[in-house]
Structure formats: structure tokens, C-alpha cells
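Novice: need a 3D model of the following:
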Amino acid sequence: MTVKNFPTKFLVGSITIIALVAVAAVFVSLHFLWIYILVLPLFFMGVQDMTQKKQAIRRTHPLIGRGRYFMETLRPAIQQYFIESDLSGKPFHKRKRSLIYQRAKKAQETVPFGTQLDVYEEGYEWMAHSIYSLDHKILNQDPRVKVGGPDCKQPYDLSIFNISAMSFGSLSSNAVMAMNKGAMKGGFAHNTGEGGVSPYHLQGGDVIWQVGTGYFGCRAADGNFDPEKFAKTVAHPNIKMIELKLSQGAKPGHGGILPAAKNTKEIAAIRGVEPGTDVLSPPYHKAFSNPEEMLKLIKTMRELSEGRPIGFKLCIGSEKEFYDICKAMVTTGIKPDFITIDGGEGGTGAAPVEFSDSIGMPLRDGLTFAVDTLIGFDLKKDISVIAAGKVSCGFDLARAVAMGADACYSARAMMMAVGCIQALECHTNKCPTGVATQDKNLMKGLDVEDKYVRVANFHNKTVHALVEMMAAAGLKTTTELKRKHIFRRISMSVVKRYDQLYPEMPVGCLLNTNTIPEIYKEGLLGEL
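Specialist: As a prediction, this is how the structure comes out:
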């Protein structure tokens, strides 16, 4: 059947069926008229397909062409539930998702019959254990890091595992409340995302307020940073740290995106924008344009917040720019209390494909570069580093800490703990589990009182897994976990430790031109 004659055959066939039904009703039984309940709607749908001009397949193949678009909407679910293997799903495979759900529900999380991973495949990684392992029960079950440099008056004891930046707007009110209550129950921190501090973030859990390029919560009428509004917002006792967002892993250099469908009146009021419109945060900050100005803003924020820890977040792009920021810290004497390194593999909500797939340094490369540069300028001793980018299990935590992170964030894993099924509908406002939507009919399916306990469970179980791994390696504290403890298979016959893949930087070597490593002089940064 060709495209050329299919519509004609559809019309002829439809009219023939309608006529036969009429004949049968007249000469056999009026009950045949019931067939029109099915036939007539299909006929008019087919006519609509033939007359519309937006979709060629529907125009040339009435009714049947609709099947293509229907199956396309079902494809992600069919792929996830019937086609993908336990280890092939993206961005999180089934085995990893199941682990998150099991820990959130306190269900059985052990696996039978050995690993399903190919341990001789390139990229396989593991952690070195010790024959002199420790009893994990004697270790600190809640490892933390004190965030706050010399100028910080209110240092904060941050859990090693925390909720990453996700805004109210991107997530539903129920999801945000469940996460914050979970953070309160589990004793860890909850990052607001750049959408500002909403009432749903203030359910009793410790809050890290993220200030992005839109300055939501401290936004002046012209869209710039407003010191008075900042001071008013930050005064809330639940806000423990402030994070200035320069860029994020999903869309570095692009700015945040809140689709119009999610921008309700309530969200618009919190952010200080027009409801029902796309909210596109600028890709740059209006409050500064160079490292020195940025550090002055950090100093101002510290003063306005009465000495709370102030830091900044970025996905590494230009290595020279991060080098210049560190250099400015030395020359100005102004240092952040922490730096968050986001990996290019991160992402929740909406992001352009090219930015999500092809811009931004992955976490392991960005993290080691940032840590090494801080060490090279002898700054690391005063600055905590937080890592973000697909951190979802104890080994992910161990690897990040071994590379130099002091603590970690998790976004998508925390979404799964609260009910996300990786339906990949985050940007459509049609999230079936009520996590990433503003549709009240969908949100009501997410029970806050049930889900917040799961968030706390997931955090507790994941940190416990890290502690058990440390004990197996004979390590008493996270500060003892180094790059030498993590191994990576390069090929069938070549294995390297992380300290061989990412050689550690001598302390203070970047402060003297005579001791700057050649890789910084030429290979990475060009001529300095």
C-alpha cells in the first residue's frame, strides 16, 4: 500500500463500512447501529488526520499514522521495563535504581551469585581493601566536615552526603518538603537550588541557600543583587550555608530553565517574576565580571549573613579561569569557605541536548583539577570541597573523597529516594510520581509523611555503606582515604591507581614560578 493511494483507500473503506452498517440496521437489526459508536469517531479522526498539515505521516496514513506517535510516547517505558538489562539503562541503570529504592525502603539490598559487572572491561573500578580491616562499628557512623575558613564566624558541620541543588519549581512542593523533612530526620543538609528559599524548604532541615544568576530571594527590580533582600532572607536560622552558583553540570554557561507550564503564581511570587512565562536565568552574573569582584561579593555575603559559610559552585570549563580565581584569592586575601565542583554528567529538569551532552568537564577530571589547584596555591587547608555528579552509593562517595572532596551532593538519587522512577518526564510537567511537576493531581500521589522517612533511610544506608568500605580498607576516618586506594582498569592487562592517573600536587607549588608544574605552564593553561 503506497503513500499515494492510502488516503483514498481509507475514505473508500470507511464509507463502505458505514454504508454496510446502515444496510444491516435496516434489513437485519437496529442493533447494528451500535457499531457507529466505534466507527464514526474513528472516521472523523481519520478525516482530521488527512486535513491537518503539521504531521506528514498522519496526513498520508490516517489513523494508522497516529500509532507512530502513540508508540513514541510509550517508548521510554517499554525500553525501561521490557528491553534494557540490569546494567544497560541510562542515565542510571536498573541495578543502581533498585539499590536506591531498597535502601530508601530499608529492604534487602544484598545481591546473589556475584557481581554482574565485567571486571576485565576497560573502566572497571574498585577500592583496595586491607587484610588488617577494622570493625566498622567502632568507626564514626556519621562522618562530617567542618565548613568554615578563618573569616567564618558560624562554621557548619556538614554531613559527608547531602541533597544537591534542586529548586522548588523544578520539583513539586511535596517533593521539596519530603526532602527537607528527610534532611531534618537524617541530620544532613538540603540545597535549595537557584529558585530561592521557599516555605517548603523550611520544614526543619538544615538549608544551603543557593544564589544563582537570577538572584531569586535577593533580586532587585532590575534583576541585580539586592543586599537588603539578601540579609532579610539569610537571617532564617535554618539557613546554614550560602552557595553562589556560577554554573551547573547539566547546562554550564547556559543559565537555569523553568518552563512556563511549571511557573505558577506561587513560584513566580517566590522568585519575583511574571507567572506563566518561561523563567530563563541569565548565563552570567550581573554583580561581578572578574575574579576580584566575585570574591568581594563573597565577602559582602559573609558580612550580611553574620559570618555564615559562603562558597561558590561551578562546573569546570576553562581551567585558566579557575586558576585565576585561586590566584585572586591569594592576592586579595578573600577566600570562600567551600567550593562545589559539579560534573558534566549531572543534571535534573530541563537542559538543551548539546549542553547536557557536550559541554562541561566530567566530575572526576574537574574535581581533581580543582583540588590540585587549591593545593598548589596552599588554599585547600582553608577551603572545603563538595563534589556533585551521579553520586548515589557508598563507592561513589569513597571515590570522590579519595580524589579530594570533603563531602558530596546527590540530586537524582535523592529524587529516586522520594519516588522518582526515571520516567524522563521532568521537563514536561507530567512526572507520573509527582516529584518533578506542578500538576496538583500528580503531586497528591507523593505522600510527604511516607517519603521523608525514605529520604532519611537512603542517606543513612549510603553513609553506612561508605563506613563499611572504609573499615574494609583499614581506614578510621575519611581523611585517610586517598587516591591510592582507588583502582581503574585501563585495558585487559593494565591497571592504574588514581594517584597514577591523577598525580597529587605538591603543596604551594603554584605560588612560585620556578615550581609550577609543566602541565600547568603549557599543557593545561598555556603560557602563564
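Novice: buried sites along the longest helix anywhere in the chain?
Specialist: Looking across the chain with DSSP state H, the single longest helix is helix 448-472. Within helix 448-472, the residues scored as buried using 16 or more other C-beta atoms under 10 Å are 448, 451-463, 465-471. From N, CA and C alone the C-beta is placed, and that goes for glycine too.
Novice: and what of stretch 110-122?
Specialist: Result for stretch 110-122 [16+ other C-beta under 10 Å]: no buried residues.
Novice: now it - C-alpha only, CSV.
Specialist: Extracted in CSV, the C-alpha atoms of stretch 110-122 (Å, rounded to 0.1, in the frame of the first residue of the first chain):
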residue,chain,number,x,y,z
THR,A,110,22.4,-7.7,49.2
VAL,A,111,22.9,-9.4,45.8
PRO,A,112,23.3,-13.1,45.0
PHE,A,113,25.7,-15.1,42.8
GLY,A,114,28.5,-12.5,42.5
THR,A,115,28.9,-9.3,40.5
GLN,A,116,27.2,-8.8,37.1
LEU,A,117,29.9,-6.3,36.2
ASP,A,118,32.7,-7.4,33.7
VAL,A,119,35.7,-6.9,36.0
TYR,A,120,38.1,-7.2,33.0
GLU,A,121,36.3,-4.5,31.0
GLU,A,122,38.0,-1.2,30.4
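Novice: show me where the stretch 301-450 of the chain has its strands.
Specialist: Taking DSSP state E, counting those that start in this stretch as the criterion, the stretch 301-450 of the chain carries its strands at 310-314, 338-342, 384-388, 407-410.
Novice: can you say which of those is nearest to Glu504?
Specialist: Glu504 lies closest, by C-beta to C-beta, to one member of these: strand 384-388, at 14.1 Å.
Novice: for the closest one, the distance to its chain's centre please.
Specialist: Its chain's C-alpha centre and that of strand 384-388 lie 14 Å apart, by C-alpha atoms, centre = their mean, to the nearest Å.
Novice: what is the mean pLDDT for that strand?
Specialist: Regarding strand 384-388, the rounded mean pLDDT is 97.
Novice: likewise for stretch 19-31?
Specialist: 87.
Novice: do the same with stretch 357-370
Specialist: 91.
Novice: next one: stretch 423-438
Specialist: What stretch 423-438 shows for mean pLDDT is 86.
Novice: list the buried residues in it.
Specialist: 423, 425-427, 429, 431, 433-438.
Novice: CA atoms only: put it into PDB for me.
Specialist: Below are the C-alpha coordinates for stretch 423-438, written out as PDB (Å, rounded to 0.1, in the frame of the first residue of the first chain):
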ATOM      1  CA  ALA A 423      10.300   8.300  33.600                       C
ATOM      2  CA  LEU A 424      12.300  11.100  31.800                       C
ATOM      3  CA  GLU A 425       9.300  13.500  32.000                       C
ATOM      4  CA  CYS A 426      11.000  16.100  34.300                       C
ATOM      5  CA  HIS A 427      10.700  18.900  31.700                       C
ATOM      6  CA  THR A 428       7.100  18.200  30.600                       C
ATOM      7  CA  ASN A 429       5.300  18.900  33.900                       C
ATOM      8  CA  LYS A 430       3.800  15.300  33.600                       C
ATOM      9  CA  CYS A 431       6.000  13.500  36.100                       C
ATOM     10  CA  PRO A 432       3.900  10.400  37.000                       C
ATOM     11  CA  THR A 433       5.200  10.200  40.600                       C
ATOM     12  CA  GLY A 434       4.600  13.800  41.500                       C
ATOM     13  CA  VAL A 435       8.300  14.600  42.000                       C
ATOM     14  CA  ALA A 436       9.100  17.000  39.100                       C
ATOM     15  CA  THR A 437       5.700  18.600  38.400                       C
ATOM     16  CA  GLN A 438       3.400  21.400  39.500                       C
END
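Novice: so how far is that stretch off the chain centroid?
Specialist: For stretch 423-438, the distance to the chain centre is 14 Å (C-alpha atoms, centre = their mean).
Novice: contacts for that stretch?
Specialist: Residues outside stretch 423-438 that contact it (C-beta atoms under 8 Å, 6 or more residues apart in numbering): 76-77, 169-172, 174-175, 259, 261-262, 264, 267, 348-350, 415, 418-421, 439, 442-446.
Novice: which of those are buried? Put it as a ChimeraX command.
Specialist: In ChimeraX, this line selects whichever of the contacts of stretch 423-438 come out buried by 16+ other C-beta under 10 Å:
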select :169,170,171,172,174,175,259,262,267,348,349,350,415,418,419,420,421,442,443,446
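Novice: before we move on, back to that, tell me which other helices or strands the longest helix of the chain touches.
Specialist: Judged by 3 or more C-beta pairs under 8 Å, 6 or more residues apart in numbering; DSSP states H and E, the packing partners of helix 448-472 are helix 94-105, strand 161-163, helix 173-186, helix 394-403, helix 412-417.
Novice: give me the contact list for the shortest one.
Specialist: Outside strand 161-163, the residues within contact range by C-beta under 8 Å, 6+ apart are 179, 182-183, 188-191, 208, 386, 391, 397, 407-411, 414, 455, 459, 462-463, 466.
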